[in-house]
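In: The sequence and its predicted three-dimensional model are supplied below.
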Amino acid sequence: MSHPLITYRDATPADGAVLGGIARATFIDTFGTLYRLEDMATFLQQGSDEAYAAELADPDISVRFALTGGAPIGFCKVSSLKLPAPDPAPDAMELRQLYIYKPWQGLGLADVLTEWAKDHARQRGAPELWLSVFTENPRARRFYARHGFEEVAPYHFMVGDQADEDILCRARL
């Protein structure tokens with residue numbers, strides 16, 4: 001489902017600050033109350049504008065923005081598999097981030113971006129796509145299940161010194 005006021009484009013290395021800004025703001029907005037300030041600060045420093053620009057310069061990483069009025073309001077990032085997935089298929093890929101500002105959630109952007117991630121992985125020859133999702137995020141878990149992701153194994157997602165209980169999920173392509 002596509003919304004008439006939303007457009008999409010691929011990110012370039014010049015978009016590091018935009019990507020970093022969306023990632024940090026949406027992470028804080030969604031999860032900010034769960035962490036000590038020191039843990040959140042450590043996590044956010046790892047996602048600096050420079051770090052995101054370096055990722056965007058890496059040919060292994062692809063990012064698609066959702067925009068309204070030319071302003072990015074969300075994104076999806078895919079790469080080769082980095083998660084410690086149990087028994088992954090050769091050439092498996094990973095949906096690393098799918099973040100959308102809250103005012104634009106529920107309009108179908110996440111559906112479009114997730115389908116883009118799956119199509120992109122297929123085009124790169126991946127037989128499956130992995131991701132991790134926070135166990136205490138039932139909305140995201142239902143969303144990914146609707147998109148064919150099966151919950152496979154527990155995973156500790158680190159935010160500073162705090163280990164969150166995530167679940168590794170796989171969609172066979």
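Out: Right, received. Where do you want to start?

In: center of this structure - which residue?
Out: Computing the C-alpha centroid of the chain and ranking residues by Cα atoms, centre = their mean puts Gln97 first, at 0.9 Å.

In: where does that one land in three-state SS?
Out: For Gln97, the secondary structure call by DSSP: H, G, I helix; E, B strand; the rest coil comes out as strand.

In: Would you check how far apart it and Ala17 are?
Out: Distance, Gln97 to Ala17, using Cβ to Cβ, to the nearest Å: 16 Å. (Each C-beta comes from the backbone N, C-alpha and C, glycine too.)

In: what's the worst-scoring helix or strand of the chain on mean pLDDT in contact with?
Out: Confidence across the helices and strands of the chain bottoms out at helix 37-46, with a mean of 83, counting by mean pLDDT, DSSP states H and E. Applying Cβ atoms under 8 Å, 6 or more residues apart in numbering, the contact partners of helix 37-46 are 24, 27-28, 32, 35, 158-162.

In: how about that helix as PDB, C-alpha atoms only?
Out: Written as PDB, here are the backbone C-alpha positions of helix 37-46 (Å, rounded to 0.1, in the frame of the first residue of the first chain):
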ATOM      1  CA  LEU A  37      21.400   8.000  30.500                       C
ATOM      2  CA  GLU A  38      25.000   6.600  30.400                       C
ATOM      3  CA  ASP A  39      23.900   3.600  28.400                       C
ATOM      4  CA  MET A  40      21.800   5.700  26.000                       C
ATOM      5  CA  ALA A  41      24.600   8.100  25.500                       C
ATOM      6  CA  THR A  42      27.100   5.300  24.700                       C
ATOM      7  CA  PHE A  43      24.600   3.800  22.200                       C
ATOM      8  CA  LEU A  44      23.900   7.100  20.500                       C
ATOM      9  CA  GLN A  45      27.600   7.900  20.100                       C
ATOM     10  CA  GLN A  46      28.000   4.700  18.100                       C
END
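
In: quick one: buried residues of that helix?
Out: Within helix 37-46, the residues that qualify as buried are 40, 42-44, counting by 16 or more other Cβ atoms under 10 Å.

In: would a markdown table of these with distance to Glu55 be doable?
Out: As requested, the buried residues of helix 37-46 are exported to a markdown table (distance: Cβ to Cβ, whole Å):
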| residue | distance to Glu55 |
| --- | --- |
| Met40 | 20 |
| Thr42 | 18 |
| Phe43 | 16 |
| Leu44 | 15 |
